[in-house]
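Engineer: the following comprises the amino acid sequence and a computationally predicted model.
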Amino acid sequence: QEDGKLPATSSGTSIKKRRVGEVKSIKSVDASDIVEVAEMSSTEVLEGIEAVAVKIMHQVLNKQGFTMEIPSRAASNQVYVPELDRIVLGNKRGTRSFLSVREARKSAITTRVLQLIHSVLRKRIHITKRDLFYTDVKLFVDQAESDGVLDDIATLVGCTRSNLHVVASDKGLVVGRISFVEDGDFIDCTRMGVGGKAIPPYIDK
């Protein structure tokens, strides 16, 4: 992949990945009303998390508690953009306030996950969603709680979930006439024996 272009298709034409902000011909929706997640580097994600933390800090220092505005992932807020041939999020946002009795626990989970992801990115490692859950079982109680917050944080920062360095557990094996490069190592699946090669969850490697 070079210059933002994907490999040529079977028809010989090249496809360039287009961001909402780069497409001037969008007429079906107002580009300013769209929230799009994009691939980000670890540094960009860290800066996004730290920006959220600074906003929270200022609210707390002003004795306001703190409130986060998180893009809604509900089906009613998903918009199809024909020019991009993809589904993006609309501009609806939900608030999560620590001063609200109903939202206090979810707010605590969100800040805790932000802290854990920041630590993971600083260490330049990957963890599974299960690992994240077991980091603070008493707070999360159920893995569905931490999993849902992960997706919220990805939309809040504007990155993909894989950019948070939190992945699903390994699932499945591959064996046969296929080869690929994994983190610099050439993998030839014809030499994996009867056991096969575990399908790695690290799509960024």
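Structural biologist: Perfect, thanks for sending it.
Engineer: center of this structure - which residue?
Structural biologist: In the chain, the residue lying closest to the centroid (Cα atoms, centre = their mean) is residue 161, at 1.8 Å.
Engineer: next secondary structure after the helix or strand containing residue 187?
Structural biologist: With elements taken from DSSP states H and E, the one containing residue 187 is strand 185-188. Sequence order places strand 197-198 as the next helix or strand after strand 185-188, per DSSP H and E.
Engineer: show me what that next one is packed against.
Structural biologist: strand 173-174 (3 or more Cβ pairs under 8 Å, 6 or more residues apart in numbering; DSSP states H and E). Using the backbone N, CA and C atoms, a C-beta is placed for each residue, glycine as well.
Engineer: what helices or strands is the strand it packs on leaning on?
Structural biologist: So strand 173-174, by 3+ Cβ pairs under 8 Å, 6+ apart, packs with strand 197-198.
Engineer: chain center to the strand it packs on: distance?
Structural biologist: In terms of Cα atoms, centre = their mean, to the nearest Å, the centre of strand 197-198 is found 24 Å from the chain centre.
Engineer: ok, residues contacting that strand?
Structural biologist: 170, 172-175, 187, 189 (Cβ atoms under 8 Å, 6 or more residues apart in numbering).
Engineer: what's the mean pLDDT across stretch 163-176?
Structural biologist: Regarding stretch 163-176, the rounded mean pLDDT is 79.
Engineer: distance between the ends of it?
Structural biologist: Its start and end residues considered, stretch 163-176 measures 30 Å (Cα to Cα, to the nearest Å).
Engineer: tell me the buried residues in it?
Structural biologist: 163-167 (16 or more other Cβ atoms under 10 Å).
Engineer: so who does the nearest residue to residue 126 once chain neighbours are set aside touch?
Structural biologist: Among residues not flanking residue 126 along the chain, residue 165 sits closest, at 4.8 Å (Cβ to Cβ, 6 or more residues apart in numbering). Remark: with contacts taken as Cβ under 8 Å, 6+ apart, residue 165 is in contact with 42, 117, 120-121, 125-127.
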